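Peer 1: what follows is a predicted structure for the sequence shown.
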Amino acid sequence: MIFDKEMQKALEADGEYLRQMTGEDHGPYFIDDDSEDCWNCGGEGFVSECIDGCCEDAESGCDLCTRRCDICNPAPAPSSTTGEAA
């Protein structure tokens with residue numbers, strides 16, 4: 001997701017305010033779509049949550065345990081008229 005510069009500055013200000021209040025880093029953490037892969041899926045667009053011993057190949061994933069990445073490949077929003085995905 002790409003935010004415009006004004007939104008990025010507002011999010012950075014919020015993160016700085018939270019850091020001052022709590023002493024902990026609260027971001028924001030922007031994914032640079034041009035140079036970095038997604039932290040969740042490595043840029044593949046999907047993640048596999050296979051359990052070793054339950055799936056044939058837990059290393060590479062299986063069809064039953066693979067789902068789209070919520071960070072860089074989120075599900076389309078439901079249509080407001082039909083309630084189905086667009």
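Peer 2: That came through fine. Residues are numbered from 1 along each chain as shown.
Peer 1: can you give me phi and psi for the residue of the chain positioned farthest from its centre?
Peer 2: Farthest-out residue of the chain from its mean C-alpha position, per CA atoms, centre = their mean: Gly53, at 27.4 Å. Note on Gly53: backbone dihedrals following degrees, to the nearest 10 are phi 100, psi -20.
Peer 1: give me the pLDDT for it.
Peer 2: According to the prediction, Gly53 has pLDDT 70.
Peer 1: please enumerate the helices of the chain.
Peer 2: Counting by DSSP state H, one finds helices in the chain at the ranges 5-22.
Peer 1: on that earlier part again, where's the residue farthest from the centre of the chain relative to Gly27, distance?
Peer 2: 36 Å (CB to CB, to the nearest Å). C-beta here means a position set from N, CA and C on the backbone, and glycine is covered the same way.
Peer 1: repeat for Pro78
Peer 2: In terms of CB to CB, Pro78 sits 28 Å off from Gly27.
Peer 1: understood, closing this out.
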